[in-house]
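Participant: Could you look at this predicted model? Sequence included:
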Amino acid sequence: MTKKIIIAGPRGKMGAEAVQMVDKEPSYDLIACIDRKNGGKSIKDIQDTNGLPALDVPIFENPETCFQEMDADVFVDLTVPGAGFEHTKLALLYGIRPVVGTSGFSDDQLAALQDLSMTHGTGCIIAPNFAVGAVLMMQFAKTAAKYLPDVEIIEKHHDQKLDAPSGTAVKTAAMMQENRENKQQGHPDEKETLDGARGAETDGIHIHSVRLPGLVAHQEVLFGSPGQGLTIKHDSYNRASFMEGVKLCIRKVEDLDRLVYGLENILD
């Protein structure tokens, strides 16, 4: 059965990759896009943006109008936190199942979306990272934290990313905290001679964010213990690495009646 899909953010690098993926997938039908700059146009009108295919697919500037007029099964959001939150709320209100790759939502925003999803019985998946390898990296780190509690995270992304630390880093730390008690790391008299030198800190886990052109999405989880070290690392070299995860979420979200946060929660 063909799944009718709306994508928000087609001009972005992730959004453009998703448009191409949906166009190539025989069981998917891209019926509309949401973009704040190109309302009233179609994908073929902006096809030069990131190599989009020449599709006669309408673009809506107003997401509510899009959800009212288009009979969609799944909504894929690959925008920014502020817009992504509002888009996801509206999709749930209109009974369209969201698959959200936008990171940077606050705990209050996630709680509000969880309540809305349960109230309407509409499935929703929010994935800080769609790369299956990244999800495995997080799960391995969770296991390792039980035995090696001294740990720091270095996450590296392109210089256009708006949130720091990344949603993947925050999710990794939260998963490790399930197996690790709060532990303050480093020397008790440690002082930063430059503010921020030790990065952000949660439950004693330091998180360091790198933003540079040429990067895509990379993370290292470094564990230390007397006489040994363990590094768990994942690299996404291009955005095609995320598309299998997007397809998995599109397939799984129709079986859900609540919000699921994290790709690891739908892996078989």
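Facilitator: Yep, that arrived.
Participant: from here on, contacts and neighbour counts on C-alpha atoms
Facilitator: Will do.
Participant: what's around Lys24, how many residues?
Facilitator: Other residues near Lys24 come to 12 when the count uses other C-alpha atoms under 10 Å.
Participant: What are the phi and psi values at it?
Facilitator: Per-residue torsions, Lys24: phi -90, psi -10 (degrees, to the nearest 10).
Participant: That one and Leu55: what is the separation?
Facilitator: Lys24 is 12 Å from Leu55, where distance means C-alpha to C-alpha, to the nearest Å.
Participant: likewise Gln228?
Facilitator: Counting by C-alpha to C-alpha, the gap from Gln228 to Leu55 is 54 Å.
Participant: Is the residue of the chain lying at maximal distance from its centre in a helix, a strand, or coil?
Facilitator: Centroid-distance maximum for the chain: Asp189 at 36.9 Å, with C-alpha atoms, centre = their mean. Here Asp189 is coil, with the state taken from DSSP: H, G, I helix; E, B strand; the rest coil.
Participant: now Asp71
Facilitator: Under the three-state scheme (three-state DSSP), Asp71 adopts coil.
Participant: what's the helix or strand for the nearest residue to it once chain neighbours are set aside?
Facilitator: With C-alpha to C-alpha, 6 or more residues apart in numbering as the criterion, Asp71 has its nearest non-adjacent residue at 7.5 Å, and that residue is Lys4. Per DSSP states H and E: Lys4 is located in strand 3-8.
Participant: Which elements pack onto that strand?
Facilitator: If contacts are counted by 3 or more C-alpha pairs under 8 Å, 6 or more residues apart in numbering; DSSP states H and E, strand 3-8 sits against helix 13-24, strand 28-34, strand 74-77.
Participant: Out of these, the one nearest Val221 is which?
Facilitator: With C-alpha to C-alpha as the criterion, Val221 lies closest to helix 13-24 of the helices and strands packed on strand 3-8, at 24.4 Å.
Participant: For the closest one, what is the distance to the chain centroid?
Facilitator: 15 Å (C-alpha atoms, centre = their mean, to the nearest Å).
Participant: now that helix: mean pLDDT?
Facilitator: Averaging pLDDT along helix 13-24 yields 95.
Participant: And for stretch 251-268?
Facilitator: The average pLDDT within stretch 251-268 is 93.
Participant: Contacts for it next, please.
Facilitator: By C-alpha atoms under 8 Å, 6 or more residues apart in numbering, the list of residues contacting stretch 251-268 from outside reads 97-99, 113-114, 117-118, 121-130, 132, 135-136, 139, 245, 249.
Participant: What residues sit buried inside it?
Facilitator: For stretch 251-268, burial by neighbour count (16 or more other C-alpha atoms under 10 Å) applies to 252-254, 256-264.
Participant: Now the terminal residues of that stretch, how far apart.
Facilitator: 13 Å.
Participant: what do you get for stretch 158-172?
Facilitator: For stretch 158-172, the end-to-end distance is 19 Å (C-alpha to C-alpha).
Participant: re earlier: for Gly167, state which of the buried residues of stretch 251-268 is nearest.
Facilitator: Gly167 lies nearest to Gly262 out of those, by C-alpha to C-alpha, at 10.0 Å.
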